[in-house]
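1. model the structure of this input:
(2 chains)
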2 protein chains.
Amino acid sequence: MTNNSENLIKKYLSGDRRALARLISIIENEEDQGYQLLDKIYHRVGKAFRIGITGPPGAGKSTIVDSLTKIYRQQNKSVGIIAVDPTSPFTGGALLGDRIRMSDLFTDEGVFIRSMATRGNPGGLAQRTQEVADLLDGFGMDIIIFETVGVGQSELDIVGAADATVVVLVPESGDSIQAMKAGLMEIADIFVINKADREGADRTVLEIQQVLEFKEKKLSWQPPVLKTTANIGQGIKQVEKCLNDFLLFLKKSDLINQRLEQRMENYTRQIIRERILAEFWGADQERKFEQAIEQIVSKKQSPYLVSEQLIEEFLDKKNE
Amino acid sequence: MTNNSENLIKKYLSGDRRALARLISIIENEEDQGYQLLDKIYHRVGKAFRIGITGPPGAGKSTIVDSLTKIYRQQNKSVGIIAVDPTSPFTGGALLGDRIRMSDLFTDEGVFIRSMATRGNPGGLAQRTQEVADLLDGFGMDIIIFETVGVGQSELDIVGAADATVVVLVPESGDSIQAMKAGLMEIADIFVINKADREGADRTVLEIQQVLEFKEKKLSWQPPVLKTTANIGQGIKQVEKCLNDFLLFLKKSDLINQRLEQRMENYTRQIIRERILAEFWGADQERKFEQAIEQIVSKKQSPYLVSEQLIEEFLDKKNE
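-> Model (predicted):
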């Protein structure tokens, strides 16, 4: 590690928010020293309660995160928020509109908000969000909230790595069916029907409860189905209470350790995947690859044969 | 290659549908000889017109695929359909309900339908679908249709690998905003507003046209915004016409080769990723990994250090 890096870690460990922000940027930009830095802070990771909040676009997730954060702040708990915005693959930027509402939280020293964008590498993003969560956790945040649009697998992976997962839906018809299709029913520890002042809220609650009854139970925990009207703060206190109940349940049943072990396994597999590929592409393969693509497009070689040759060369060369 | 494999390829090349189905299963199950088999048929790949159809759940994509296929069949073109169903991560099965409607196509010799499921490895699925498309292409299918629920990045990757991408929306308010968020605006070559007999269809068409006007143009092709009522077949002929226009545009502007090159590049990168990881995990690393996870959970080592050590051991060992 360079002096600079050591200094950065020292500042971070002493509670310097700018050092935290800098470390997050290093991780987000996938700079070389990222893993060394994460290794140095790993002994501090593991105290935070990690909450995943997901659901279809427009369900009001940001408003719920906003209100929930204010409740935690009243309890004097610090909160780190990782908001994952689906990115347009062409513009490269995240849609930050939703976050503007949170501006009053931006000035709160006990809250740290980071928006992260999917940059065409969904697997990578799931890993990045975990790394940033580790940085927030090691920094001493009591609560970490992941917020994602929960329809793709990668978004599910992100919230699936939390201790507790809240699925937010709206009363519109067909929404619960969509949730089932997208795999949201299975990952939810708590359901929230937001915009509950709209027509059909009670019917949606019933629909979900019925589906839950017919499902094979994995846990002795039955996911509650709550109603909220987040834009006027209604029902959020109950969400916070259920999250706390679920945390107590996790601790009592030792599930919290099982989930941690599963999470660390997935996480380490991701790191291995990323690092071994970095080794591969770092080894002058990129130039050979460009030439091979021409062969493939002109049908002189298949992508299957080319891949095999490039990997063999890479593995042979490593021990010369 | 075994005699068995050679025999299978021979049957496939002679037009045996059962051999095609068997090869697809080999690819789907990720059996060892998959790549060798794909290498043998690669010289036949590249004639099909590949169409991606995506959009939110419930937009009527399956019905559109159904009607479109019937039009192609009237033109005596053979059609391969790859329908990607989001899978529940717990049950493991795909939701095949939508496909049941297509049963009249199942008995048509000129149509081959395959449902594929996301099994928790979205990156892998994008690759599998391309491999299956190659098999359908090499088999002589004139048209290949990928159908996905287009919200996650991996689903976008699948349809993004097509020659032409159709984005299907419904007139409900907010839908076009959701499409923009999910990156659908950028990948669409053609927009279809289905269920156009519902209120708000014309407004949705206008909204999308407005967004398209404000966008920086990547192509001299302006994506048309069509209205369909697919369940009564209305407007589908126009979709087919636009697809054909787009294909002519691609050919005239040489974009079809640029897209092919980009596709082959992404595809080969995916193959490399998968194979190098198979090499890694095949080399007795799984056992060491299990032990290392204990160290990680008990905080004796970080996942970052563990990954580095496992990769170093793997690369050193390869040339002993």
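2. would you check that residue A:49 makes contact with residue A:145?
-> No: between residue A:49 and residue A:145 there is no contact under C-beta atoms under 8 Å: 9.5 Å. Yep, even glycine has a C-beta here, placed from its N, CA and C like the rest.
3. out of the two, which sits in the busier spot?
-> residue A:145 (28 against 21; other C-beta atoms under 10 Å in any protein chain shown).
4. which helix or strand in chain A has the lowest average pLDDT?
-> The helix or strand of chain A with the poorest confidence is helix A:97-100; it has a mean of 47 (mean pLDDT, DSSP states H and E).
5. phi first, then psi, for residue A:81.
-> phi -120, psi 130 (degrees, to the nearest 10).
6. can you name the residues that contact it?
-> For residue A:81, the contact set (C-beta atoms under 8 Å, 6 or more residues apart in numbering or on different chains) comprises A:65, A:69, A:105, A:111, A:112, A:113, A:114, A:144, A:145, A:147.
7. buried subset of those residues?
-> Buried subset of the contacts of residue A:81 (neighbour count, 16 or more other C-beta atoms under 10 Å in any protein chain shown): A:65, A:69, A:105, A:111, A:112, A:113, A:114, A:144, A:145, A:147.
8. show me how chain A divides into domains.
-> A:1-42, A:45-253, A:281-317 (automatic domain parsing).
9. most tightly surrounded among the ones you listed?
-> domain A:45-253 (a mean of 20; mean count of other C-beta atoms under 10 Å in any protein chain shown).
10. now the end-to-end length of that one.
-> For domain A:45-253, the first-to-last residue distance is 22 Å (C-alpha to C-alpha, to the nearest Å).
11. show me which residues of the stretch 201-320 of chain A are close to chain B?
-> A:218, A:257, A:260-261, A:264-265, A:267-269, A:271-273, A:275-277, A:279-280, A:289, A:292-293, A:296-297, A:299, A:302-308, A:310-311, A:314-316, A:318-320 (C-beta under 8 Å from any C-beta of the partner chain).
12. which members of those residues are positioned in helices?
-> A:257, A:260-261, A:264-265, A:267-269, A:271-273, A:275-277, A:279-280, A:289, A:292-293, A:296-297, A:303-308, A:310-311, A:314-316 (DSSP state H).
13. then stretch A:284-296 to CSV, C-alphas only?
-> The C-alpha coordinates for stretch A:284-296 follow below in CSV (Å, rounded to 0.1, in the frame of the first residue of the first chain):
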residue,chain,number,x,y,z
ASP,A,284,-1.9,-8.9,-23.7
GLN,A,285,-5.0,-10.9,-24.7
GLU,A,286,-6.9,-7.8,-25.8
ARG,A,287,-4.7,-7.4,-28.9
LYS,A,288,-4.9,-11.0,-29.9
PHE,A,289,-8.6,-10.9,-29.2
GLU,A,290,-9.2,-8.1,-31.7
GLN,A,291,-7.4,-10.1,-34.4
ALA,A,292,-9.4,-13.2,-33.6
ILE,A,293,-12.7,-11.3,-34.0
GLU,A,294,-11.9,-10.7,-37.6
GLN,A,295,-11.4,-14.4,-38.1
ILE,A,296,-14.7,-15.1,-36.4
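14. could I get the average pLDDT for that stretch?
-> Averaged across stretch A:284-296, pLDDT comes to 87.
15. what's the answer for stretch A:13-20, then?
-> 95.
16. now it, how far from the chain's geometric center?
-> 22 Å (C-alpha atoms, centre = their mean, to the nearest Å).
17. quick one: contacts of it?
-> So stretch A:13-20 is contacted by A:8, A:9, A:11, A:12, A:41, A:44, A:109, A:112, A:135, A:136, A:139, A:140 (C-beta under 8 Å, 6+ apart).
18. repeat the analysis, applying 7 Å as the threshold.
-> Residues outside stretch A:13-20 that contact it (C-beta atoms under 7 Å, 6 or more residues apart in numbering or on different chains): A:8, A:11, A:12, A:112, A:135, A:139.
19. nearest to chain B, of these?
-> residue A:135 (12.5 Å; C-beta to the nearest C-beta).
20. which helix or strand lies directly C-terminal to the helix or strand harbouring the closest one?
-> Using DSSP states H and E, residue A:135 sits within helix A:122-139. For helix A:122-139, the following helix or strand on the C-terminal side (DSSP H and E) is strand A:143-149.
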